[in-house]
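Peer 1: Sequence first, then the predicted structure, then my questions.
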Amino acid sequence: MRIRLLLAVSCLFVAAPSAVTADPEKVSPEASTVKVSAKLRFPNTLKPWARQDAVEIIGSGVVIDGKRILTNAHLVRYASEVVVQSGNDKAAAQVVAVGTDVDLAVLTLQEKEDAFFKNRPELKRSATLPKVQDEVVVCGFPVGGDELSVTKGTVSRISFTMYSNLRPGTAIQISAALNPGNSGGPATVDGNMIGVVYSRLAGAENIGYIIPCEEVEHFLKHLKDGRSEPRAVQAAEISMQPLENDALRRSLKLDKGVKGVLVHLPVRPGPDCPFQKSDVLTKIGDYEIDNEGMIRLENDVAVPFQAAIAKAARDGAVSVTVLRGGKPVNASLPVTTEDNRLIRSYQSEPPAYFIHGPLAFSPVRSDAIQMYFDLNPTLYTSNSPMLNRRHDRVAFPGEELVVVTAPMFAHKIAKGYADPVGRVVKEVNGVPIKSLRHLVETIRDCDEEYLTFRFAEDWSEDLVFNRKEMDQATEDVLDANDIKRRGSAELLKVWNGTAAGKAKP
């Protein structure tokens, strides 16, 4: 499946209460659109105990039910300050929910909410997708002025795409002019909200993208403790191949009337994988699959069959039909809402880290990989797991790659050692490291005279330290570099034994 490159635009997302099909007193989209300003302090990927300098970003937002405002996650994640404005009225806001998988977030006001929302009603949203060629109106606060901007265009297409955290979902392409600051502004058809702006196509004119209301609905419906459960995706790690080539079809002995896609099994199929070699997937849920892997939705929109996984999932699986040996076979495809990629990006969580002696450790995050290679170019030719496991799923629950995330701190106990920055910890005193928590536990529970760190990359040096000297050196390093805490909150609990029920020796 081709994935377009999208340029995210700072802005707000639209949402509303439960889906509405009709409203006798339609709300003006302009009245429900607000300006959002945020100061962001992103994690320092190489020094996760610190934050980067504050960056101010401007976008748009829309009033939804419960005196809330929906906006983009990229606009407010890691925000130290958020302000919403409409006309001359300004109000401080706080982030109460973030969903980076679909780039949505929810704000509430810290005070004066009754006065602010008095003349700013919630904007109702449509319960169905629009039709291609429907006239669309977009409201927002793009660059070029301080006042509300309104642009018009048409619905160009409805497709299936990848959102900011590589999660699939439905998107609406429109032809209305969009600029930085438009993101999060509502898009309406006949006064009903069809979705919210979230990006535009880089290097093109008047090609913008909208998150449809069905994605907004899922986000709001599944909010819990400030997070939203992502849409379900297939968990069998299979891939598919179109069946348009005549020679391929003949080799599989497929009649001309058979439509579907060829299933390719993963390298290591799990016990719950329902497919066999040469299976042809012909149906998912109630949707027939064509030879390009497309299905037709209720409004006759053609989208990749993966779009039906979340729609048709029930009790952790979706029913499918495959052609096996010329006969149709019903099967159950497992699905998951868990992000089980081994290497993920930062979302909105505080970074995890732990400092011991001259070494600082952190889980590998995709945001930092290029920085590691820039600091340590030998990683390109050393068989680093950050390259050869870049697209792997976790081999077991909780698996993490642990990296030396910062250049080694200057200290006499590190004399003669090459800087291991960017190298992945393979084992400590012969114990294979499963995660950062496991590394902390392994160091904490060690009673040997020396700590020996071995790395996964080829040609890596072993780093050997006297255990007691390394522990003592930690305080020197923290003091010399003005670092307040040797680890993130949860890992300090592990180090002190409170998270594991075992006191540190």
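Peer 2: Yep, that arrived.

Peer 1: list the contacts for residue 98?
Peer 2: 73, 76-77, 104-105, 226-228, 347-348 (C-beta atoms under 8 Å, 6 or more residues apart in numbering). The way it works is simple: take the backbone N, C-alpha and C, and place the C-beta from them, glycine included.

Peer 1: Next, give phi and psi for it.
Peer 2: Main-chain torsions, residue 98, degrees, to the nearest 10: phi -140, psi 140.

Peer 1: Also residue 246?
Peer 2: phi -60, psi -40.

Peer 1: Kindly report the same for the one 5 residues further on.
Peer 2: The phi and psi values for residue 251, taken as degrees, to the nearest 10, are phi -60, psi -30.

Peer 1: per-residue confidence for it?
Peer 2: pLDDT recorded at residue 251 is 94.

Peer 1: how far away is it from residue 243?
Peer 2: 11 Å (C-beta to C-beta, to the nearest Å).

Peer 1: And the buried ones among the contacts of residue 98, selectable in PyMOL?
Peer 2: Here is the PyMOL selection string for the buried members of the contacts of residue 98, based on 16 or more other C-beta atoms under 10 Å:
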select buried, resi 73+76+77+104+105+227+228+347+348
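
Peer 1: Among the contacts of residue 98, which ones are in strands?
Peer 2: Among those, the members found in strands (DSSP state E) are 104-105, 227-228.

Peer 1: Show me where the stretch 151-300 of the chain has its helices.
Peer 2: Taking DSSP state H, counting those that start in this stretch as the test, the helices found in the stretch 151-300 of the chain are 213-221, 246-251.

Peer 1: What residue, apart from its backbone neighbours, is nearest the residue of the chain positioned farthest from its centre spatially?
Peer 2: Computed with C-alpha atoms, centre = their mean, the residue of the chain farthest from its C-alpha average is residue 449, at 42.6 Å. Closest residue in space to residue 449, ignoring its immediate chain neighbours: residue 467 at 6.1 Å, by C-beta to C-beta, 6 or more residues apart in numbering.

Peer 1: Next: residue 345.
Peer 2: residue 366 (4.7 Å).

Peer 1: how close does that neighbour get to residue 344?
Peer 2: With distances taken as C-beta to C-beta, residue 366 is found 7 Å from residue 344.

Peer 1: mind listing what residue 82 touches?
Peer 2: 36-39, 76, 92-95, 107.

Peer 1: for the strand of greatest length in the chain, packing partners?
Peer 2: Across the chain, the longest stretch assigned as strand under DSSP E is strand 149-162. In terms of contacts (3 or more C-beta pairs under 8 Å, 6 or more residues apart in numbering; DSSP states H and E), strand 149-162 is packed against strand 135-140, strand 168-174, strand 208-212, strand 302-304.

Peer 1: would TSV of those strands with mean neighbour count, mean pLDDT and distance to residue 352 be doable?
Peer 2: As requested, the helices and strands packed on strand 149-162 are exported to TSV (neighbours: other C-beta atoms under 10 Å; pLDDT from 0 to 100; distance: least, C-beta to C-beta, whole Å):
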stretch	mean neighbour count	mean pLDDT	distance to residue 352
strand 135-140	24	94	36
strand 168-174	24	88	27
strand 208-212	28	91	30
strand 302-304	19	83	35
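
Peer 1: I figured residue 474 hits residue 357, correct?
Peer 2: Yes - the criterion here is C-beta atoms under 8 Å, and residue 474 meets it with residue 357 at 5.7 Å.

Peer 1: who's more crowded, those two?
Peer 2: Taking other C-beta atoms under 10 Å, residue 474 and residue 357 do not tie; residue 357 has more neighbours (25 against 18).

Peer 1: any idea how far that one lies from residue 434?
Peer 2: 21 Å.
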